[in-house]
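*Asks:* Dropping the sequence and predicted coords here.
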Amino acid sequence: MLVAAAVCPCPPLLVPEVAAGAAPELDTVRAACADALGVLAAARPDLLVVIGPAEQPGRGAFPQGSTGSFRGFGVDVDVRLGDGDGEAGGRELPASLAVGAWLLDRAGWASAPVEGLGVGEPLEAERCVRAGRQIAERAARVAMLVMGDGTACRTLKAPGYLDERAAPFDAEAARALGSADLAAIKALDPDLAHRLKASGRAPWQVLAGAAEDAGLAGELLHDDAPYGVCYLVATWS
């Protein structure tokens, strides 16, 4: 059963070495992520599953010990998903899970075994929900670190340019995540999310499936859109 969840954004810019001179601009969101991970540790889970958006070949399950890096972003920073020998069929963690692994390492995570799941952005809502239900059945006390961004269309200089639909989409996502409104999260439109480059939609809907019958309460810790991309941090416990 799901006992706790933390929702965090997944831009590689969260890693200070990647952000370089812009690193201080994201100090607030890093602090919120640290607070969210504290909620996960306090729940004392038997298993932590880190889930985030991924392109091929980064989709699917990643066992504890899987490795990733930010070398593709020009910095010599490597990460590992919990302890273990890194046997993952030779696959490297996708960027979203690498950011999650970095957050866990930064927090000194040692509370439970850690596994990863890369989710394809086009995955239909019902399949997301079904995957979440399966995750919740993995152990008596399951926690989830859910990586994903809101829309990337909030300003003219945003990666997806300005779209007037982005702010309302993000506002509803923030409200739903902050109140653990499962129905509202499940109702997020996959097509609209794709058009607005909201990478968190599928992982959030996996979370909604995992949280069915768990009776968790939500709290929104952070809601901002630097660089025209919405970054949300929330906890469920």
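*Replies:* On my side now, so go ahead.

*Asks:* Mind jotting down where the strands sit in this structure?
*Replies:* In order along the chain, the chain carries the following strands (DSSP state E): 2-8, 47-54, 60-62, 67-69, 78-80, 114-120, 142-147, 218-224, 231-236.

*Asks:* Name the nearest residue to Glu55, ignoring sequence neighbours.
*Replies:* Setting aside the residues directly before and after it, Glu55 is nearest to Pro94 in space (Cβ to Cβ, 6 or more residues apart in numbering), at 6.9 Å. In short, each C-beta sits where N, CA and C put it, glycine included.

*Asks:* Isn't that neighbour up against Gln56?
*Replies:* No. Taking contact to mean Cβ atoms under 8 Å, the distance of 9.4 Å between Pro94 and Gln56 leaves them out of contact.

*Asks:* Between these two, which is the more surrounded one?
*Replies:* More neighbours surround Pro94 than the other of Pro94 and Gln56, with 25 against 9 (other Cβ atoms under 10 Å).

*Asks:* ok, now which ones touch the more buried one?
*Replies:* With contact set as Cβ atoms under 8 Å, 6 or more residues apart in numbering, Pro94 has these partners: Gly52, Pro53, Ala54, Glu55, Gly58, Arg59, Gly68, Gly118.

*Asks:* redo that, cut-off 10 Å
*Replies:* The neighbourhood of Pro94, defined by Cβ atoms under 10 Å, 6 or more residues apart in numbering, consists of 10, 52-60, 62, 68, 100, 116, 118-119, 147.

*Asks:* And for Ala174?
*Replies:* For Ala174, the contacting residues are Gly150, Leu220, His222, Asp223, Cys230, Leu232, Val233, Ala234, taking Cβ under 10 Å, 6+ apart as the criterion.

*Asks:* Thank you, goodbye.
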